[in-house]
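A.B. asks: when you get a sec, could you give me coordinates for this:
(chains A and B)
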Amino acid sequence: FNIPINIAVEDRNNTGRCSVDTNRIVHIHSVIILRRSDKRKDRVEISPEQLSAASTEAEISFKMTGRPMRVVGWYHSHPHITVWPSHVDVRTQAMYQMMDQGFVGLIFSCFIEDKNTKVDSFLFAAFNSVSYPSRYDRIEIPIHVVPHETIGKVCLESAVELPKILCQEEQDAYRRIHSLTHLDSVTKIHNGSVFTKNLCSQMSAISGPLLQWLEDRLEQNKQRMQELQQEKEQLLEELAALE
Amino acid sequence: MCKRYSKFISSLTLSSFCKALFAEGFLLGEVRQEETVSISDSQISNTEFLQVIEIHNHEPCSKLFSFYDYAGKVNEESLDRILKDRRKNVIGWYRFRRNTQQQMSYREHIIHKQLTHILGVPDLVFLLFSFISTANNSTHALEYVLFRPNRRYNQRVSLTIPNLGNTSQQEYKGSSVPNTSQNYAKVIKEHGTDFFDKDGVMKDIRAIYQVYNALQEKVQAVCIDVEKSERVVESFQADVNKLKRQIAQKKNEKEQEIRMQQAILSRQMPTDSVEPMFVPRMSYTGFAVEGCTLEDSNVSDPPPPYSDFNTSTHDSSGSPGLLESSSIFMPRPQAVGSSSYVSTTDYCAHEM
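C.D. replies: Just a heads-up that it's a prediction; the model follows:
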């Protein structure tokens, strides 16, 4: 699928679930981006409620598309760090595999720069876990991305969902702080300014570039439609000549 | 005062460069200078000039060799056709390759020199993307590096991608600094109320939330337009593919007809003439997959090995499956991301 990489966030716990057809081969068709319950940069937490909500989402998707879908994996991001799963990631994956043997884990590593060569990288990897008597180890599993000329509806919807989720997280954090009654006015003004500042960051770093990308994509598609229309007319003439 | 030409930084908004196996286009943006003044123990005022290259946008080429030939000679007319009125905004160009080293090829150097001269941009940059995979296909990497080939030294430039930064929200304060000063309390109470509305909510928060909401509504609206346009492009592409198949079939049928006529003629000829019998060729209709653009890609990929990939009736055409898109893989003796990996593919073979 095609999610713009410029919306990856700094924190590690940009998490989500993958809804997939059931088969021996796991086909990943869409993702559900989750709100983070713990925003510390080295934490990834997915609650049972979120797991249940993701399953509900998969059922809704089945009703809309007619394709049987279920949750078959989870993903999270590793900003500035290696793509390999940590021991916590491997343990978490192992726990998911207890519920579903075919559950797959994906990790996206971004904002990686080699200072010497100035080469930047964006990586992703798929893994499973295998358990031993006193530990868990990762198993690398192959993943293939099928290139497409066009972008699917579910991918676009996921992309525009991210700024909403980030804003909701910010609102939750502000409400929790705002509910404290012992704060003086200066502290309340400070907290309000933090909220404003964070929302501005989200708009300039996420919503703005996303909107620009969408507008550019629309323009490119209009151009492409014209080219295809011309090509179609030429082909029709060629076909008529062959009749 | 010391003036030093320090370093480049560039801000880049990456969009979906990765749809094609090989792709190229132009980078649009602006170049500006920023002056920073710093104080050190040895100097009271140290001025540094930073040249900032901002990449705002890109203009993709519909295919390779759209503005140059196999010898690398740039065609200015084709260039103008691609760029139109955006020519003055060009600050560089980009190329996307698979399984190659992060080095400019000889042809790219030649093209770059010509573009520098034609576009009149002395410090034209080149952004190279490379997609590589581990031998077992479990890890994939998109590597990118920005070059400024017209410089003799420091030809590689650091890229900065604006992002959200740390969102751990540790800036909210859960407690106030204790203060028993009555004057402090009085001043804050008197002037602090201006910040809040009658419900005790900060006015700024309502205002910024309105801005955010308006922006999000716009994002959703444009997204709907994009989704519609994607389906139209898909449909047009399917029509074009269908017509191409029909034309190919017609041509095959005509060829078959000609062969059969020749076979008949040769049978009617006298027995002492020796002519080989022609076996008519079976016609090939190709895959009958509507809406799938894989087979009509400019790059000849092998057909997908998995059969369950019909996207004709559903909107999942943008969704991936676990289908093999490339048969060329890179063994990685070191961790993915290292620049000194060994390539098993012929570098020139990918310099299309």
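A.B. asks: what residue in chain A comes nearest to chain B?
C.D. replies: Residue nearest to chain B within chain A: residue A:152 (2.5 Å; C-beta to the nearest C-beta). The C-beta positions use only the backbone N, C-alpha and C, and glycine is treated the same way.
A.B. asks: quick check: that residue vs residue A:159, distance?
C.D. replies: For residue A:152, the distance to residue A:159 equals 11 Å [C-beta to C-beta, to the nearest Å].
A.B. asks: same deal with residue B:179?
C.D. replies: 47 Å.
A.B. asks: of those two, which one has the most company?
C.D. replies: residue A:159 (23 against 12; other C-beta atoms under 10 Å in any protein chain shown).
A.B. asks: for residue 122, give me its contacts.
C.D. replies: By default, I'm working from chain A. For residue A:122, the contacting residues are A:5, A:108-110, A:112, B:141-142, B:144, by C-beta atoms under 8 Å, 6 or more residues apart in numbering or on different chains.
A.B. asks: not what I meant, chain B
C.D. replies: Here residue B:122 is in contact with B:116, B:150 (criterion: C-beta under 8 Å, 6+ apart).
A.B. asks: how about the helices in chain A?
C.D. replies: A:48-65, A:87-99, A:153-178, A:185-202, A:208-242 (DSSP state H).
A.B. asks: got TSV for those helices, with mean pLDDT too?
C.D. replies: Formatted as TSV, those follow (pLDDT from 0 to 100):
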stretch	mean pLDDT
helix A:48-65	66
helix A:87-99	91
helix A:153-178	90
helix A:185-202	93
helix A:208-242	93
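A.B. asks: give me the number of residues near residue 163?
C.D. replies: No chain specified, so I'll use chain A. Count around residue A:163 with other C-beta under 10 Å applied: 23.
A.B. asks: my question was about chain B
C.D. replies: 18.
A.B. asks: residue A:204 is in contact with that one, correct?
C.D. replies: No - using C-beta atoms under 8 Å, residue B:163 makes no contact with residue A:204, being 10.5 Å away.
A.B. asks: ok, back up a step: for the residue of chain A closest to chain B, the count of nearby residues, please.
C.D. replies: 25.
A.B. asks: and it, what's its pLDDT?
C.D. replies: Looking at residue A:152, its pLDDT stands at 88.
A.B. asks: please tell me how far residue B:63 sits from chain A.
C.D. replies: 11 Å (C-beta to the nearest C-beta, to the nearest Å).
A.B. asks: give me every residue that touches the closest residue to residue A:178 other than its chain neighbours.
C.D. replies: Distance criterion C-beta to C-beta, 6 or more residues apart in numbering or on different chains; nearest residue to residue A:178, sequence neighbours excluded, is residue A:191 at 6.9 Å. By C-beta under 8 Å, 6+ apart, the contact list for residue A:191 reads A:174, A:177-178, A:183, B:172-173.
A.B. asks: quick one, phi/psi of residue A:80?
C.D. replies: Per-residue torsions, residue A:80: phi 70, psi 0 (degrees, to the nearest 10).
A.B. asks: how close does residue B:206 sit to residue A:175?
C.D. replies: Distance from residue B:206 to residue A:175, by C-beta to C-beta: 14 Å.
A.B. asks: still on that earlier bit, now, the most widely separated pair of the contacts of residue A:122?
C.D. replies: For the contacts of residue A:122, the farthest-apart pair by C-beta to C-beta is A:108 and B:144; their separation is 15.4 Å.
A.B. asks: which one of those two is surrounded by more residues?
C.D. replies: residue B:144 (22 against 19).
A.B. asks: does the helix or strand containing residue B:209 reach chain A?
C.D. replies: Per DSSP states H and E: residue B:209 is located in helix B:203-268. Yes - Helix B:203-268 is in contact with chain A by C-beta under 8 Å from any C-beta of the partner chain, via B:204-205, B:208-209, B:211-212, B:215-216, B:218-220, B:222-223, B:225-227, B:229-234, B:236-237, B:239-240, B:243-244, B:246-247, B:250-251, B:254.
A.B. asks: stretch B:179-199 too?
C.D. replies: Yes - residues of stretch B:179-199 are located near chain A by C-beta under 8 Å from any C-beta, namely B:179, B:185, B:188-189, B:192-193, B:195-196.
A.B. asks: and stretch B:40-59, what's buried?
C.D. replies: B:51-55, B:57-59 (16 or more other C-beta atoms under 10 Å in any protein chain shown).
A.B. asks: from the residues you listed, which is closest to residue A:142?
C.D. replies: residue B:58 (30.9 Å).
A.B. asks: what element comes up after whatever helix or strand the closest one lives in heading to the C-terminus?
C.D. replies: Element membership for residue B:58, per DSSP H and E: strand B:46-60. Per DSSP H and E, the first helix or strand lying C-terminal to strand B:46-60 is helix B:76-83.
A.B. asks: next, the angle from that following helix to strand B:46-60.
C.D. replies: 90 degrees (axes from the mean of the first three to the mean of the last three C-alpha atoms, to 10 degrees).
A.B. asks: which secondary structure elements does helix B:76-83 contact?
C.D. replies: Helix B:76-83 sits against helix B:106-119, with contacts defined as 3 or more C-beta pairs under 8 Å, 6 or more residues apart in numbering or on different chains; DSSP states H and E.
A.B. asks: 7 Å instead, please
C.D. replies: Helix B:76-83 sits against no helix or strand, with contacts defined as 3 or more C-beta pairs under 7 Å, 6 or more residues apart in numbering or on different chains; DSSP states H and E.
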